[in-house]
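A.B. asks: fold the following.
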Amino acid sequence: MKVSVIIPALNEAENLRDALSSVGPSHEVIVADGSSADSTCSVAESLGATVVTGPAGRGQQMDAGAQASTGEVLLFLHADTRLPVGWMEDVTKAVSDGYVAGAFSLSIGSEGLWLRAVERVANLRSRIGLIYGDQAIFVKRESFFKAGGFNKLPLMEDVDCVKRLRKLGKVVVLEKRVTTSARRWAEGGHLKNTLKNWLTLTLYFCGVGPGRLYSMYYKK
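C.D. replies: You can find the predicted model right below:
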């Protein structure tokens with residue numbers, strides 16, 4: 001079973017090496033670059049990844065990467081996230097067991113009681129259906145395109161896609177953990193950013209569109 005790993009990136013030259021290293025050799029890796037101004041593309045190519053470029057926007061970038069891929073299973077890995085050892089076996093077993101999609105549990109690569117609490121909440125949240133992209137979502141290729149992919153959404157593309165995938169079959173959260181950077185919690189403070197993330201999720205379920213949420217989240 002061939003798994004294509006798709007990594008959306010925007011100015012991620014410093015983080016990309018660790019993400020790619022965690023994938024391991026002999027896998028198709030596509031870095032979907034959003035017109036980076038740093039050496040993201042050259043770093044990716046030097047490490048054997050295929051690079052596709054286009055406008056910035058994670059949903060749009062991942063959809064472009066999926067179109068360029070050839071795997072029977074697609075795994076979407078954030079550039080600041082590392083896969084666990086043995087990830088390939090876990091993904092192929094989940095798909096063989098009949099799941100249309102899944103993700104890993106979450107670990108945050110930093111010390112501190114607050115982030116341990118964030119991890120716990122995130123893993124409880126994902127088991128009731130709210131899976132985020134930093135958990136390395138994987139999906140059968142056929143199901144991904146049947147569901148409409150990420151719909152080129154600028155924000156909440158992960159939650160929206162998984163919601164549609166659940167209509168096609170079972171989705172699993174694996175016990176093994178990916179390790180993601182703590183940088184998005186550190187920017188502006190742990191509490192502020194945690195509250196900001198929950199507010200964004202609440203507004204999404206209240207019907208606020210992803211485009212509007214993106215503008216609010218990044219204050220554009």
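
A.B. asks: for C206, grab the count of nearby residues.
C.D. replies: 7 (other C-beta atoms under 10 Å). For the C-beta atoms, the positions are set from N, CA and C on the backbone; glycine is no exception.

A.B. asks: could you measure D18 against T180, distance?
C.D. replies: Separation of D18 from T180 (C-beta to C-beta, to the nearest Å): 11 Å.

A.B. asks: shared neighbours of these two, anything?
C.D. replies: R82 (C-beta atoms under 8 Å, 6 or more residues apart in numbering).

A.B. asks: so in the chain, which helix runs the longest?
C.D. replies: Taking DSSP state H as the criterion, the chain has its longest helix at helix 190-205.

A.B. asks: just want the angle from the helix or strand just after that one to helix 190-205.
C.D. replies: Using DSSP states H and E, the helix or strand that follows helix 190-205 towards the C-terminus is helix 210-217. Orientation check (axes from the mean of the first three to the mean of the last three C-alpha atoms, to 10 degrees): helix 210-217 against helix 190-205 gives 160 degrees.

A.B. asks: what mean pLDDT does helix 210-217 get?
C.D. replies: Helix 210-217 shows a mean pLDDT of 73.

A.B. asks: pull the distance from that helix to the chain's centre.
C.D. replies: Relative to its parent chain, helix 210-217 has a centroid offset of 18 Å by C-alpha atoms, centre = their mean, to the nearest Å.

A.B. asks: show residues contacting it.
C.D. replies: With contacts defined as C-beta under 8 Å, 6+ apart, helix 210-217 is touched by G59, L153, P154, L155, M156, E157, D160, K196, T200, L203, Y204, K220.

A.B. asks: narrow these to just the buried residues.
C.D. replies: Burial by neighbour count, 16 or more other C-beta atoms under 10 Å: within the contacts of helix 210-217 this picks out G59, L153, P154, L155, M156, E157, D160, T200, L203, Y204.

A.B. asks: in stretch 30-44, what counts as buried?
C.D. replies: I30, V31, A32, D33, G34, S36, T40, C41, V43, A44.

A.B. asks: looks to me like the last one is in a strand.
C.D. replies: No. Secondary structure assignment places A44 outside any strand; it is helix (DSSP: H, G, I helix; E, B strand; the rest coil).

A.B. asks: quick check: it vs A79, distance?
C.D. replies: Distance from A44 to A79, by C-beta to C-beta: 9 Å.

A.B. asks: coming back round to it: just give me the closest of the contacts of helix 210-217 to V173.
C.D. replies: The nearest member of the contacts of helix 210-217 to V173, counting by C-beta to C-beta, is D160 at 17.4 Å.

A.B. asks: so which strand or helix has that closest one?
C.D. replies: Per DSSP H and E, D160 falls inside helix 157-165.

A.B. asks: and what of F145?
C.D. replies: Per DSSP H and E: helix 141-147 holds F145.

A.B. asks: what lies in contact with that helix?
C.D. replies: Everything outside helix 141-147 that qualifies as a contact, by C-beta under 8 Å, 6+ apart, is 66, 69, 71-74, 100-101, 161, 164-165, 167-169.
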